[in-house]
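Asks: make a model of this:
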Amino acid sequence: MPHASDTPIQEIRAFNRFYTNLIGALDYSRQLYVPYTLTEARVLYELNHASHLDAADLRSELCLDAGYLSRLLGKLEKAGIVERAPSERDPRRQRITLTPRGRETAGLLDERSTEAVGSLLSDVPAAERPRLATAMRTVREILSNRKGGAVASRPLLREPGPGDLGWIVQRNAALYAAEFGFNIDYEGLVARIVADFAEDHDPHLERVWIAELDGRPVGCVMCVRDDAPGTARLRLLLVEPDARGHGIGDQLVCVCVEFARGVGYREMVLWTNDILGAARTIYQRHGFVLVDEKPHRSFGVDLLGQDWQLHLGSAS
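Replies: Okay, here's the model as predicted:
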């Protein structure tokens, strides 16, 4: 008979067996109808949701053996899914990026994973779903703090899920009203931008990213086609005040620029106002150049509007 102190061990082992069977982890490729193992899918997920990753970052994040990861990346590289090159931050490290085909593959995996989870939740009564989500969050929080102190969370950049586009409108309206005194006209503008994206966008050329920290959305950015041919427009960059200082704004702009460059845009433009000093610093850091500015009165306040531009060159 197990000792009382062994009960958590047995419960965790039982839960592990139950959950791996539930999500099909032991036969992941068949579960999602894709030719990738769970480990390969996780690598693609990390590459698709981070602004940049080196091989060392992947080893650390996924706790993988260096030799095993190298062989796995070699397989994906041979299939035209990833590219390896010396890191710009440290030439001694390997920078890993998804190819255009890799981005499509990762997007397909995300889509099928979302469908699988949706199917799983369809059997859970709606009233029980919040309790289920809370329980899962509790497990993550307790096990993340297992070393006696809080483990610094790494921001996650992901595709928007149900309710996230509405969150973008609500948080933009609330934050700009609180920080800069914008009136309801700004909420109307953001609502139109988001609605246009939701109703009609090309998923191969336009994307939205949600930054998530500790399981909650804390930031966003959008890449959409501009009226000028070959031009992408960066829109609606936002980071929650209590999440600033984690480099989230920088990561959002970086992933937006890299996406635009990767799908073949020749340049990226954006419009902002001079009062957004922190955002302008990020834009400058990524090579954007101020090309025009003009005073205007919008959203109930006097502003200095600015147009910024970044030449992307050919896709790498």
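Asks: does residue 155 touch residue 218 like I think?
Replies: Yes. At 7.4 Å, residue 155 and residue 218 qualify as touching, with contact defined as Cβ atoms under 8 Å. Glycine gets a C-beta too; all of them are placed from N, C-alpha and C.
Asks: between those two, which contacts overlap?
Replies: Common contacts of residue 155 and residue 218 (Cβ atoms under 8 Å, 6 or more residues apart in numbering): 211-212, 243, 248.
Asks: just give me the closest of these to residue 42.
Replies: Using Cβ to Cβ, residue 212 comes nearest to residue 42 of the shared contacts of residue 155 and residue 218, at 16.5 Å.
Asks: helix or strand right after the host helix or strand of the closest one?
Replies: According to DSSP states H and E, residue 212 maps onto strand 207-213. Proceeding N to C from strand 207-213, the next assigned helix or strand is strand 216-225, under DSSP H and E.
Asks: what angle separates that next one from strand 207-213?
Replies: 160 degrees (axes from the mean of the first three to the mean of the last three Cα atoms, to 10 degrees).
Asks: tell me what the next helix or strand after strand 216-225 is packed against?
Replies: Counting by DSSP H and E, the element after strand 216-225 in chain order, helix or strand, is strand 231-239. Counting contacts by 3 or more Cβ pairs under 8 Å, 6 or more residues apart in numbering; DSSP states H and E, strand 231-239 is packed against helix 164-180, helix 184-199, strand 216-225, helix 248-262, strand 267-273.
Asks: rerun at 6 Å
Replies: strand 216-225, helix 248-262, strand 267-273 (3 or more Cβ pairs under 6 Å, 6 or more residues apart in numbering; DSSP states H and E).
Asks: in its sheet, what does it sit against?
Replies: Within its sheet, and counting by DSSP bridges, strand 231-239 is paired with strand 216-225 (antiparallel), strand 267-273 (parallel).
Asks: so for it, mean pLDDT?
Replies: On average, the pLDDT along strand 231-239 is 97.
Asks: got it, and stretch 301-311?
Replies: 96.
Asks: can I get that stretch as CSV, trimmed to CA atoms?
Replies: The C-alpha trace of stretch 301-311 is given here as CSV (Å, rounded to 0.1, in the frame of the first residue of the first chain):
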residue,chain,number,x,y,z
VAL,A,301,-6.7,66.1,-28.5
ASP,A,302,-4.0,68.0,-30.5
LEU,A,303,-1.4,65.7,-31.9
LEU,A,304,1.6,65.5,-34.2
GLY,A,305,1.1,62.6,-36.6
GLN,A,306,4.1,60.9,-38.0
ASP,A,307,4.7,58.5,-40.9
TRP,A,308,7.6,56.0,-40.6
GLN,A,309,9.1,53.8,-43.2
LEU,A,310,11.3,50.7,-43.3
HIS,A,311,12.9,49.3,-46.5
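Asks: gap between that stretch and the chain center?
Replies: How far stretch 301-311 lies from its chain's middle: 25 Å, per Cα atoms, centre = their mean, to the nearest Å.
Asks: cool, stretch 174-191 as well?
Replies: That offset, for stretch 174-191, works out to 24 Å (Cα atoms, centre = their mean).
Asks: repeat that for stretch 264-277.
Replies: Offset of stretch 264-277 from its chain centre (Cα atoms, centre = their mean): 20 Å.
Asks: what are the contacting residues of that stretch?
Replies: The set of residues external to stretch 264-277 that reach it, using Cβ atoms under 6 Å, 6 or more residues apart in numbering, is 180, 226, 230-234, 260, 303-312, 315.
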